[in-house]
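[1] Sequence and predicted structure are below.
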Amino acid sequence: MTFLDQQLVSCICITHNNVDFLKRSIACFQQQTYNPKELIVAFTPDNTAASDFLSRVNDPSVKVLKFPPGIPLTLGEKRNTAIDFARGFYFCVWDDDDWYSRNRLEFQVKSLAGTALKSSALSAIILYDAPANQAYLSATRWAWEQTLLCQKSVFESPAMRYAKLERGEDSGLLFNLKKHNLLLTLERPDLYIYVYHGNNSFHRGHWEVNILPWGKKLSDDHSTLIQKILEGKVHRTEASSLLENILT
């Protein structure tokens with residue numbers, strides 16, 4: 001696949017009230033090796049901090065979507081609205097509080113080339129417990145929902161949309177993609193850091209019962225390295241190769 005052959009990827013970022021996370025997420029997007037791409041940053045009209053920050057982002061590939069005022073939407077409905085708004089051949093989940101290797105889009109898109117599959121997701125990722133400064137290699141799953149990249153055409157089917165839920169809205173979509181043999185699962189945990197920071201959609205108890213115990217603790221040195229990567233103290237080109245090295 002050459003540069004001219006590549007299809008537009010729309011990264012979907014539903015943001016809340018933490019501009020510091022959003023800045024990091026946008027930086028990860030801007031430094032992706034894949035093109036063409038766009039980032040849809042979607043939020044409610046009362047999120048003035050995000051609005052003010054984005055007004056100063058001088059990047060035409062970063063698009064703003066404000067949800068209609070006075071209409072309460074679940075997270076699933078927000079995702080659906082943002083994907084409908086997107087122009088890409090693919091959409092890709094791009095949560096505002098996680099970190100992405102600069103190679104993520106390129107690897108997930110190119111892995112689909114030559115297959116009949118229309119979506120890809122990662123089977124393992126890096127987990128980072130920020131309050132404890134402890135990193136983990138996650139357990140291997142059939143798919144981590146937040147790592148999805150998918151052809152937008154699939155989304156035209158009502159069964160292939162996000163559920164109208166505030167939490168757990170993504171499990172049904174991934175299950176249906178797998179059920180219909182449309183999902184490619186990839187083993188590249190270095191491409192994604194899933195961050196627990198204390199204000200996640202799922203509370204601490206969920207992480208302590210369902211996520212962290214099934215992962216493998218990484219060393220203190222590796223945890224500190226991942227902390228520095230998240231804080232932007234390691235150049236992104238170097239960060240991607242360092243993560244790949246510590247996991248092999």
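    The structure has been received and is ready for your questions.

[2] Quick one: neighbours of Ser123, just the number.
    17 (other CB atoms under 10 Å). Heads up, the C-betas are built off the backbone N, CA and C, glycines and all.

[3] how close does it get to Arg188?
    For Ser123, the distance to Arg188 equals 9 Å [CB to CB, to the nearest Å].

[4] try Trp94
    Trp94 is 17 Å from Arg188, by CB to CB.

[5] neighbour count winner among those two?
    More crowded of Trp94 and Arg188, by other CB under 10 Å: Trp94, with 27 against 21.

[6] Can you report phi and psi for that one?
    phi -140, psi 70 (degrees, to the nearest 10).

[7] so it makes contact with Leu39?
    Yes: here Trp94 reaches Leu39: they are 6.6 Å apart, a contact under CB atoms under 8 Å.

[8] overlap in contacts of those two?
    The contact sets of Trp94 and Leu39 overlap at Cys11, Cys13, Phe29 (CB atoms under 8 Å, 6 or more residues apart in numbering).

[9] out of the residues you listed, who's nearest Phe175?
    Cys11 (22.6 Å; CB to CB).

[10] The closest one: neighbour count?
    29.

[11] Give me the sheet partners of the helix or strand hosting it and which way each runs.
    Using DSSP states H and E, Cys11 sits within strand 9-14. Note on strand 9-14: by DSSP bridges, its sheet partners are strand 37-43 (parallel), strand 90-93 (parallel).

[12] any idea how far the helix or strand just after that strand is from the chain center?
    Per DSSP H and E, strand 9-14 leads on to helix 19-30 as the next helix or strand towards the C-terminus. Relative to its chain's centre, helix 19-30 lies at 11 Å (CA atoms, centre = their mean, to the nearest Å).

[13] Ok, stretch 132-150 next?
    10 Å.

[14] for stretch 122-140, same thing?
    On CA atoms, centre = their mean, the centre of stretch 122-140 falls 14 Å from the chain's centre.

[15] again with stretch 50-57
    Counting by CA atoms, centre = their mean, stretch 50-57 is centred 21 Å from the centre of its parent chain.
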